[in-house]
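**Student:** Give the three-dimensional model of this entry:
(2 chains)
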Amino acid sequence: MHTDGHLPAKFGPYGGQFVPETLMPALAELEAAYIALAADAAFAAEFSDLLRTYVGRPTPLTRARRLTAHLGGAQIYLKREDLAHTGAHKINNALGQALLARQTGKRRLVAETGAGQHGVASATVAALLGLECVVYMGTTDIARQQPNVQRMKLLGAEVRPVDAGTRTLKDAINEAIRDWVTNVRTTHYLLGSALGPHPYPTIVRDFQAVIGREARGQMLDALGRLPDACIACVGGGSNAIGLFHAFREDAGVRLIGVEAGGAGIASGRHAARFADPALGRPGVLHGTHTYVLQDAAGQIAATHSISAGLDYAAVGPEHAFLRETGRAEYTFADDDAALAAFQLLARTEGILPALESAHAVAEAVRLAPTLGRDRILLVNLSGRGDKDLDSVLHALKEREEPRT
Amino acid sequence: MSSQRIHAAFAAARAEGRAALMPYFTVGFPDFDASVAVLRSIIEAGADLIELGIPFSDPLADGPTIQHASQIALNKGMTLTKSLKLVQKLRIYSATPPLIMMSYTNPILAYGVERLVADAAEAGADGLIVPDLPLEEAATFEQACNTHDLALIYLAAPTTTSGRLTEIARRTNGFLYLVSLTGVTGERAALPADLATFVRRARSAAHTPLAVGFGISNPEQARLVGELADGVIVGSALIRAVAQAADPAQAAHDFVSRLRGALTAAGDPGSRAG
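**Tutor:** Coordinates of the predicted model:
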C-alpha cells in the first residue's frame, strides 16, 4: 500500500513534524514500526482478539427512542463507545499503541490526559501488557476528574501533576513531550488524540477507525441504509475522526464535528478553534500545523470548557483539512447546551454521557427537530459520564443559585 | 553580514586558543529594560556570541528555569516585535557580537516568516534558531534566510542518525548547534558521558564550527565542553544567577566573566580544529 515505506506526513497543508530534532529519529522509528505492524497478520489477529475479548467490541448501536420522541424529528442512534472497557473510546488507541510500543522494545509509556479517560486507558493497557506507565495531568483537571485520578493509581500508573501554564491538557502534553525527549530511547509516548507530530494523527485515526467501521456496518444491518449525518465532539478529535473515517466516501452522509463553545464564543472563553476567527488561526502547537487558538503575537490562548477532554487550544490536523475541503462541517455547543444535553440523555435514555460526548448530543438535540422523521442522526457517545458527576452537580448548583 | 559576523566571532576565539562563549538569555526577563541591561553587561563581560531567547507560552524544549523566565517576560508584555527592538538596541550598543535569535515556530508564523527574517536582519540579528523546526519543515525559513542573509542554525541531537547528521551539517549556517543530551534545557550535575563521542561524530560531518548547549551549568563544565567544541552555550544557569540577584546586570557580568575565565584558562592554541 505504501510502497515507499512512508505514510503521508500532511493532510493538505496541515500536519507535519514540528518537534525538536531529538525526537525525529523516534518518529521515524515509530512510523516504520507501524507500517510493518499494520501489514503483519499476527498483530492484526492479536489486536482484534483483544478488542473483542478485552475491550468488549463491537460496542452496540443503540436506538434512542425516547430522546427521538422527545425531540420530534430525525431518529437518533447512539454508537456506544461508553460501553467499551474503561468507559470511553480511548482504549482503542491505547491498546493499539501499547502493542506497537511492545513491538519496538519500549517498556515505558508516558501519556497525557485531560478528562482522565486516556490516562485510565493508558494505565489499563500498561497493566495488561506489563509495561510501566506515567501519566501527566494538569492540576485543574486533577481537581475536576478525581475518580479517574484514583483509577489510574489503582491500575498501577504514576500520575504526575502539572502545575504550569493553564494547568490543563495543553500543559500536560508539554510535560509528556519533555519526558519523552528525555527518555526517548526507552519510552513510547502514548499520545491520546489525533494530534501531535506525524505519524501520530494517522496512527490514532487508524486505531479509532474501528468505531466508524462498526457503526457503518451496524447501520446497514439494522436499517439497510446509512445515516444522514454523523455527529461527534471534537477536542483533539480522535473519536470524531474514528467515526468519520469509514464514512468519508459516502457523499450523502454529513460529517459534523462539535467543538466546545465554553462560556460562549463572544466571551473568548471557549475551545472552538474553527468558530472564532479572532483567536483560531493556522499555527503550530505540539508538533503539528493546524488551527490553534492564539493571540495576535502567536502565544497560545487559554481555553475553557466545562469538559476537560475538549479544553484544548489545537484541533487534530485532519479535521482542519476535512473542514477546508468541505467534507466535514464543524459547529460548537456551549457549556449550558452540553449540560442540558447531559441531563436530557440521562432522563430519556438512562445514559449518563461524558461531558465531552454531551456536546455531540447537544448538536443532535439542536438538529433533530429541524429534520423530518425519516432522517437519521448517528451520534458518537464517546464516553460515559460517571467521571463528571462532581463537575455536573457543581455546575447545576451554580446555575440554580440566584444571580446577584 | 550575518554569517561573516558569526564566522569572525568563532575565528577570534580560535585565534586566542579557546572556545567561543555564547550566553543565552530570555529577552524581556525580568522586564524589557532589565534584560537590555543584563545583555549589555553580558557583552561587556566578554561573550563572543549572544543567543536571545524569545519567550513562548509553550516552550516544550525548555526546562523549568527558561519556562519560568519566559512566562514572566510574557506577563510583562514581551513580544516578538519588542524583541526586534531589543535586538536593534543591542546592535547599536555593540557592533561586535553576533546576535542569534531563538524562537519557537508559532510566534514566527504569527508574525510572518518572510517578514520576521527581513526585520530581524534589518534590526541587526545574525542568526535564527528554531528548536521545533526540523529540516523537513524548514523550506520557507531557509528561503527567507537566504534572501536576507540571516544564518538559519540547525540543531543536532545525540539521537540524530548519521544520515540525518550529514544533512543537518550540510544545511546549517554559521555553526551547528549540538544538543548535548536527550532532554530539555536546564542545569545538570554532570555532563553526559557520551558527549565526546557525539562531538567527534558531528565533527566528521560538519563544515562549520560546533557549539554545544543544554545542561552546561558552571565554569568547570564550560571548560570541559570548551575542550571538545568550538562554542559553549550557557542559558539556564545564567538565568538562575540573574533571577536570584539584587543587581541582575552585575550578577550577569560576574557569572559570564567566570565562564569566560574558565574558557580562557583552558586555552591551548594549536589544538583546535580549523
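**Student:** any idea of the pLDDT on the spatially most central residue of chain A?
**Tutor:** By Cα atoms, centre = their mean, the mean C-alpha position of chain A lies nearest to A:S238, the distance being 3.8 Å. A:S238 carries a pLDDT value of 98.
**Student:** who's in contact with it?
**Tutor:** For A:S238, the contact set (Cβ atoms under 8 Å, 6 or more residues apart in numbering or on different chains) comprises A:89-90, A:93, A:192-195, A:204-205, A:208, A:316. For every residue, glycine as well, the C-beta is placed using N, CA and C.
**Student:** filter those to the buried ones?
**Tutor:** A:89-90, A:93, A:192-195, A:204-205, A:208, A:316 (16 or more other Cβ atoms under 10 Å in any protein chain shown).
**Student:** picking up where we left off before, tell me the one of the contacts of A:S238 nearest chain B?
**Tutor:** A:L195 (13.3 Å; Cβ to the nearest Cβ).
**Student:** any idea how far that closest one lies from B:T160?
**Tutor:** 25 Å (Cβ to Cβ, to the nearest Å).
**Student:** Go ahead and report the secondary structure state at B:A61.
**Tutor:** Under DSSP: H, G, I helix; E, B strand; the rest coil, B:A61 falls in the coil class.
**Student:** contacting residues around it?
**Tutor:** For B:A61, the contact set (Cβ under 8 Å, 6+ apart) comprises A:20, A:178, A:181, B:131-132, B:184-185.
**Student:** dump the residue contacts of whichever residue of chain B sits closest to chain A.
**Tutor:** Proximity of chain B to chain A (Cβ to the nearest Cβ) peaks at B:A110, 2.9 Å away. Taking Cβ under 8 Å, 6+ apart as the contact definition, B:A110 lies against A:281, A:283, A:294, A:296-298, B:80.
**Student:** Looking at those residues, which are in helices?
**Tutor:** Using DSSP state H, the members of the contacts of B:A110 that fall in helices are B:L80.
**Student:** Pull the most distant pair out of the contacts of B:A110.
**Tutor:** Spatial extent of the contacts of B:A110 (Cβ to Cβ) is set by the pair A:R281 and B:L80 at 15.4 Å.
**Student:** which of these two has more neighbours?
**Tutor:** B:L80 (22 against 16; other Cβ atoms under 10 Å in any protein chain shown).
**Student:** who are the neighbours in contact with the more buried one?
**Tutor:** Per Cβ under 8 Å, 6+ apart, neighbours of B:L80: A:297-298, B:54, B:103, B:107-108, B:110-111, B:116.
**Student:** what would the contacts of A:S238 look like in JSON lines with distance to B:L21?
**Tutor:** Listed next are those as JSON lines, based on distance: Cβ to Cβ, whole Å:
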{"residue": "A:H89", "distance to B:L21": "53"}
{"residue": "A:K90", "distance to B:L21": "48"}
{"residue": "A:N93", "distance to B:L21": "47"}
{"residue": "A:G192", "distance to B:L21": "43"}
{"residue": "A:S193", "distance to B:L21": "43"}
{"residue": "A:A194", "distance to B:L21": "44"}
{"residue": "A:L195", "distance to B:L21": "39"}
{"residue": "A:V204", "distance to B:L21": "44"}
{"residue": "A:R205", "distance to B:L21": "48"}
{"residue": "A:Q208", "distance to B:L21": "50"}
{"residue": "A:G316", "distance to B:L21": "43"}
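**Student:** Could you single out the nearest of those residues to A:A64?
**Tutor:** Each of the contacts of A:S238 was checked against A:A64 using Cβ to Cβ; the closest is A:H89, at 18.2 Å.
**Student:** quick one: that closest one and A:A360 touch, right?
**Tutor:** No - here A:H89 does not reach A:A360: they are 11.8 Å apart, not a contact under Cβ atoms under 8 Å.
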